[in-house]
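Student: The sequence isn't on hand, but the structure is:
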């Protein structure tokens with residue numbers, strides 16, 4: 001077990017900011033978590049888990065505890081009698097690599113989640129979703145390791161307590177668990193989901209898994225910067241969910257506002273549209289931080305200050321509230 005000290009975290013996040021970790025270790029198997037857990041317990045240090053660092057803003061002060069970089073790999077497929085396929089993936093696998101492989105094998109379910117940065121382990125934590133599909137609809141179970149006790153547990157879909165961009169693993173109790181693998185259920189039966197946004201232009205009768213994936217990649221490539229070269233965490237804020245009354249009030253002022261009904265009867269609002277058409281901040285920058293010119297929901301960073309990002313995000317949230325009375329929340333976790 002190679003535990004390093006004083007490691008700068010900026011290279012481990014896609015926003016490319018963050019001070020030093022007191023301790024950092026990379027794990028490649030579930031078994032390697034046991035000695036790390038014992039070490040953290042001995043020194044009474046908090047633990048932070050990182051995958052590809054695509055959904056986290058680490059402060060300039062760094063992290064005073066143990067940072068675990070999860071690189072647990074492996075993908076296994078198991079065909080079922082009902083035409084479904086169980087896929088068990090190591091939490092350190094890149095999500096888009098798994099999507100590409102599933103598409104190449106002819107398995108339906110993941111294609112709408114193409115080209116999303118991040119690892120498999122982050123997907124259930126965030127309940128990652130795009131173009132009408134959320135990973136919660138695919139998850140069968142999640143295997144995880146407790147940092148406080150060393151226990152290994154398998155969480156059912158229901159145990160995960162999935163909600164919009166949320167799950168049990170984002171709660172204080174849930175953060176004790178390091179996800180080691182995720183099992184999802186895909187289908188060999190044709191099942192395109194084209195009801196959302198730009199995918200509606202595809203022909204449901206003739207489209208293929210690959211054509212859907214290609215379309216999603218094309219769409220995301222125009223709306224999102226390349227996270228390999230630009231500091232970004234994708235969509236920085238959640239699309240807000242508001243009451244029917246609030247939605248009706250906004251539609252009186254802004255009749256073209258895109259809204260989407262949720263299972264509980266409330267409405268999800270397109271924050272990108274709000275930022276672009278109501279707040280007029282698409283492409284707006286302040287120093288090294290700004291909103292992407294092709295998609296206002298995406299924050300980009302060219303500097304080295306987490307504080308500047310936090311200040312900018314607060315400025316945008318204040319503006320949105322002033323214009324719409326909507327309180328927006330970051331999708332990115334502040335550490």
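Tutor: That came through fine. Treat the numbers as computed from the prediction; the structure is a model and nothing was measured.
Student: okay, CA-based contacts and neighbour counts for the rest of this
Tutor: Noted.
Student: Heading C-terminal from the helix with the most length in the chain, find the next helix or strand.
Tutor: Ranked by number of residues, the top helix in the chain under DSSP state H is helix 306-324. For helix 306-324, the following helix or strand on the C-terminal side (DSSP states H and E) is strand 333-334.
Student: what's that next one in contact with?
Tutor: Strand 333-334 has contacts (CA atoms under 8 Å, 6 or more residues apart in numbering) with 55-59.
Student: Now, of those, which are buried?
Tutor: 55-59 (16 or more other CA atoms under 10 Å).
Student: If we only consider those, which is nearest to residue 96?
Tutor: The closest of the buried ones among the contacts of strand 333-334 to residue 96 turns out to be residue 55 (CA to CA; 15.1 Å).
Student: Name the strands paired with the helix-or-strand element of the chain with minimal mean pLDDT and say parallel or antiparallel.
Tutor: Among the helical and strand segments of the chain, the one scoring lowest on mean pLDDT, DSSP states H and E is strand 231-235, with a mean of 89. Strands that pair with strand 231-235, judged by DSSP bridges, come out as strand 298-301 (antiparallel).
Student: contacting residues around the lengthiest strand in the chain?
Tutor: Ranked by residue count under DSSP state E, the longest strand found in the chain is strand 177-187. For strand 177-187, the surrounding residues in contact (CA under 8 Å, 6+ apart) are 29-30, 49, 72, 83-92, 107-110, 120-121, 138-147, 169.
Student: Type out the ChimeraX command that picks the buried ones from the residues you listed.
Tutor: Burial among these is assessed by 16+ other CA under 10 Å; the matching ChimeraX selection reads:
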select :29,30,49,72,84,85,86,87,88,89,90,91,92,107,108,109,110,120,121,138,139,140,141,142,143,144,145,146,147,169
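Student: From the contacts of strand 177-187, which land in strands?
Tutor: 49, 84-90, 139-146.
Student: Show me the two of those residues that sit farthest apart.
Tutor: 49 and 84 (31.6 Å).
Student: of all the ones in strands among the contacts of strand 177-187, which comes closest to residue 262?
Tutor: Nearest member of those to residue 262, counting by CA to CA, is residue 139, at 19.9 Å.
Student: mind listing what that closest one touches?
Tutor: 124, 157, 182-185.
Student: Quick check: chain neighbours aside, which residue is closest to residue 247?
Tutor: Nearest residue to residue 247 in three dimensions, chain neighbours excluded: residue 267, at 6.9 Å (CA to CA, 6 or more residues apart in numbering).
Student: If that neighbour is in a bridge, with which residues?
Tutor: Per DSSP bridges, the residues bridged to residue 267 are residue 242, residue 261.
Student: circling back to that earlier point, can the contacts of strand 333-334 go into JSON lines with extra columns for secondary structure, pLDDT and distance to residue 248?
Tutor: Listed next are these as JSON lines, based on DSSP: H, G, I helix; E, B strand; the rest coil; pLDDT from 0 to 100; distance: CA to CA, whole Å:
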{"residue": "55", "secondary structure": "coil", "pLDDT": "88", "distance to residue 248": "32"}
{"residue": "56", "secondary structure": "strand", "pLDDT": "93", "distance to residue 248": "34"}
{"residue": "57", "secondary structure": "strand", "pLDDT": "97", "distance to residue 248": "34"}
{"residue": "58", "secondary structure": "coil", "pLDDT": "97", "distance to residue 248": "38"}
{"residue": "59", "secondary structure": "coil", "pLDDT": "97", "distance to residue 248": "39"}
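Student: Take stretch 37-53 and give me the span from its first residue to its final residue.
Tutor: 21 Å (CA to CA, to the nearest Å).
Student: Check stretch 236-248 too.
Tutor: Terminal residues of stretch 236-248 lie 26 Å apart, using CA to CA.
Student: buried stuff in that stretch?
Tutor: For stretch 236-248, burial by neighbour count (16+ other CA under 10 Å) applies to 236-242, 247.
Student: Also stretch 165-172?
Tutor: Using 16+ other CA under 10 Å as the test for burial, stretch 165-172 gives 165-170.
Student: Would you map out the domains in the chain?
Tutor: Domain assignment for the chain by automatic domain parsing gives 4-70, 75-222, 225-334.
Student: what number of residues lie near the nearest residue to residue 278 once chain neighbours are set aside?
Tutor: What sits nearest to residue 278 in space, not counting adjacent residues and going by CA to CA, 6+ apart, is residue 323, at 7.3 Å. A count of neighbours around residue 323, defined by other CA atoms under 10 Å, yields 13.
Student: Look at residue 323 and report its pLDDT.
Tutor: We have a pLDDT of 97 for residue 323.
Student: Name the residues that touch stretch 63-77?
Tutor: Under CA under 8 Å, 6+ apart, the answer for stretch 63-77 is 19-30, 40, 45-51, 85-93, 98, 180-181, 335.
Student: Doesn't residue 245 belong to a helix?
Tutor: Yes: counting by DSSP: H, G, I helix; E, B strand; the rest coil, residue 245 is part of a helix.
Student: Would you check how far apart it and residue 238 are?
Tutor: For residue 245, the distance to residue 238 - CA to CA - is 20 Å.
Student: before we move on, what about residue 114?
Tutor: For residue 114, the distance to residue 238 - CA to CA - is 19 Å.
Student: Tell me the one among the ones in strands among the contacts of strand 177-187 nearest to residue 280.
Tutor: residue 49 (36.1 Å).
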